[in-house]
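Peer 1: Prediction below, plus the sequence it came from.
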Amino acid sequence: MNTDYSYCSGVTCSIRKSCKRYLPDSPDIRLRWVCPAYNPETDKCKYYEPTEVAKTKNP
């Protein structure tokens, strides 16, 4: 697990499952977190980073 990375809980985000930052269950180590910034009107998030699977589906 990368501890020099900011994670997101994905609350109310419909694109969380294809985002690297999404971490549904936090481990027992200290991590950095960003506040969810998903906008349902645009279906985008300024912190979104696609997973490798999402990159191959949407190059």
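Peer 2: It's in.
Peer 1: Start and end of stretch 12-28, how far apart?
Peer 2: With CA to CA, to the nearest Å applied, stretch 12-28 spans 23 Å between its terminal residues.
Peer 1: Quick one: the strands in the chain, in order.
Peer 2: Assigned by DSSP state E, the strands in the chain fall at 6-7, 32-33, 38-39, 44-45.
Peer 1: so Tyr5 sits right up against Arg32, yeah?
Peer 2: Yes. Here Tyr5 reaches Arg32: they are 6.9 Å apart, a contact under CB atoms under 8 Å. (C-beta placed from N, C-alpha, C; glycine too.)
Peer 1: just to revisit the earlier point, how about the strands of the chain, which one is nearest Leu23?
Peer 2: Leu23 lies closest to strand 6-7 among the strands of the chain, at 4.2 Å (CB to CB).
Peer 1: Tell me the spacing between Pro27 and Ser9.
Peer 2: According to CB to CB, to the nearest Å, Pro27 stands 13 Å off from Ser9.
Peer 1: So for these two, which sits in the more crowded spot?
Peer 2: More crowded of Pro27 and Ser9, by other CB atoms under 10 Å: Ser9, with 17 against 9.
Peer 1: Run through the helices of this structure in chain order.
Peer 2: Secondary structure of the chain (DSSP state H): helices at 52-57.
Peer 1: low-confidence ranges in it?
Peer 2: Applying pLDDT under 70 to the chain flags the ranges 54-59.
Peer 1: count of residues packed around the spatially closest residue to Gly10 that is not a sequence neighbour?
Peer 2: Spatial nearest neighbour of Gly10, chain neighbours left out: Arg16 (3.2 Å); criterion: CB to CB, 6 or more residues apart in numbering. Arg16 has 19 neighbours, counted by other CB under 10 Å.
Peer 1: Alright, calling it a day.
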